[in-house]
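Chemist: Quick one, fold the following:
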Amino acid sequence: MGDSAPTTIGDSGPVSDGGSADGCSPTADDPLDDEGIDSNCDGADGKVGFDLYVNPTIGQDSNEGSPTLPKRSPAAALLMAAGTGGSVVLSSGELEVESIEAAGKWRLVGGYDKTFLGAPKRERTTFNVTNADGLRIAGSGVDGTLAHVQTVGAPATSEEQPSAYAIRATVERLHLDDASVKSGTVAQESVSASIAAIDPGQGGNPGWDGRTTDAFVALPTTTCASVLQPNWVSGSAGDTAYGTRGSGRSAGAGGPDGTPGTDGSNAPKPASLVDGFLRWGDGTSGLSDGKPGAGGAGAKPLASAYLSASGGSGGCPGAGGPAGKSGGGSIAIMLLNGELT
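Modeler: Below you'll find the model as predicted:
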């Protein structure tokens, strides 16, 4: 294959940036190209006075935006470029960005060194997104280009917004040319209450010792979730189902354990779009519908008609466990509207 002209980023598509004698004039066009050639001899790739130049290290937004007096922020350069129709040319450095809100057609081309000459390299220019909501790109009729830049999203820090975005765009068209996009880390899944706060359940009341009278005696009661629980049963002569017969007083049988409560349900799998953010549902809490344990049976000695013992009540079930809350998604580009190339 033979040598070909460098690729250029201009309004009319790829063109040659050959640097002929006729083109070597500061008033001649010099489309930005992947070799960074200054074909019109004005001191930088691009056309000085038409394109705007940004250096985040030494620039000032009050400057004219030339290679020697560059702007500091892309926002200030884009505002001026809207009047000239040129591109914004970014030198090496890190820029903290929250949004790019410029209408119509615009181009941000990074990766240059401080001279704005030579082949651009995307690792030289970094957009550090200031929050996990992502770099917001929006405006009326946006036809934007990001070239030779890397965008790094911020980590999520809020349980209410656990996802991390690098770019969220509402555009007509967005073009990425030699651009890397990396989202931040997400918030981890969590539970809505600590395990220590979960009700572990309540023990049953103890049984009563055998007594020598069948007169009514009020025994301790147990209430679970406002429901009075069965309290006790007494042994009776010849009743080996509840008490153990014998010549002396003996312990009754223990009651059965309570049954577990119902598990909470899983969160729904599909995400939903809420106010421009992806949301995943949370699980539901476990239900506090476990059955209480039953009271132990009372024992009745054979020797006396009134010497029976009473079983205690069963314990209350524990409360349901708390629901798990969804973690977030790590999302490089969220295209809310438009076309991405």
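
Chemist: When you work out contacts or count neighbours from here on, use the C-alpha atoms and nothing else.
Modeler: Will do.

Chemist: top strand in this protein by residue count?
Modeler: strand 164-177 (DSSP state E).

Chemist: What's the mean pLDDT across that one?
Modeler: Averaging pLDDT along strand 164-177 gives 97.

Chemist: ok, then the element right after it?
Modeler: Later in the chain than strand 164-177, the nearest helix or strand by DSSP states H and E is strand 180-182.

Chemist: That next one pairs with which strands, parallel or anti?
Modeler: strand 150-152 (parallel) (DSSP bridges).

Chemist: Please list the outside residues in contact with the strand it pairs with.
Modeler: For strand 150-152, contacts defined as CA atoms under 8 Å, 6 or more residues apart in numbering pick out 122-123, 125-129, 166, 179-184.

Chemist: With stretch 275-291 instead?
Modeler: In contact with stretch 275-291 (CA under 8 Å, 6+ apart) are residues 163, 258-273, 316-329, 336.

Chemist: CA atoms of it as PDB?
Modeler: Output of stretch 275-291 as PDB, limited to C-alpha atoms (Å, rounded to 0.1, in the frame of the first residue of the first chain):
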ATOM      1  CA  ASP A 275     -35.300  10.900  35.100                       C
ATOM      2  CA  GLY A 276     -32.500   9.900  32.700                       C
ATOM      3  CA  PHE A 277     -31.000   7.300  35.000                       C
ATOM      4  CA  LEU A 278     -31.200   3.500  35.000                       C
ATOM      5  CA  ARG A 279     -32.800   2.100  38.100                       C
ATOM      6  CA  TRP A 280     -32.900  -1.500  39.300                       C
ATOM      7  CA  GLY A 281     -35.600  -2.600  41.700                       C
ATOM      8  CA  ASP A 282     -35.000  -3.600  45.300                       C
ATOM      9  CA  GLY A 283     -36.100  -6.900  46.800                       C
ATOM     10  CA  THR A 284     -38.900  -7.100  49.300                       C
ATOM     11  CA  SER A 285     -38.600  -7.800  53.000                       C
ATOM     12  CA  GLY A 286     -39.200 -11.300  54.500                       C
ATOM     13  CA  LEU A 287     -42.600 -11.600  56.100                       C
ATOM     14  CA  SER A 288     -43.200 -11.900  59.800                       C
ATOM     15  CA  ASP A 289     -45.600 -14.800  59.400                       C
ATOM     16  CA  GLY A 290     -43.700 -17.600  61.100                       C
ATOM     17  CA  LYS A 291     -45.800 -19.700  63.400                       C
END
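
Chemist: quick revisit: now do the longest strand of the chain: which elements does it pack against?
Modeler: strand 135-138, strand 143-147, strand 180-182, strand 330-340 (3 or more CA pairs under 8 Å, 6 or more residues apart in numbering; DSSP states H and E).

Chemist: looking at those, which is closest to P74?
Modeler: Of all the helices and strands packed on strand 164-177, strand 143-147 sits nearest to P74, with 11.6 Å by CA to CA.

Chemist: could I have that closest one exported to PDB, CA atoms only?
Modeler: The C-alpha coordinates for strand 143-147 follow below in PDB (Å, rounded to 0.1, in the frame of the first residue of the first chain):
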ATOM      1  CA  ASP A 143     -24.000  17.400  16.300                       C
ATOM      2  CA  GLY A 144     -20.900  17.000  18.400                       C
ATOM      3  CA  THR A 145     -17.500  15.300  18.000                       C
ATOM      4  CA  LEU A 146     -15.100  14.100  20.700                       C
ATOM      5  CA  ALA A 147     -11.700  13.100  19.200                       C
END
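
Chemist: same question for that strand, mean pLDDT?
Modeler: On average, strand 143-147 scores 97.

Chemist: re earlier: now the contacts of stretch 275-291: which count as buried?
Modeler: With burial judged by 16 or more other CA atoms under 10 Å, the buried subset of those is 163, 258, 260-261, 264, 316-329.
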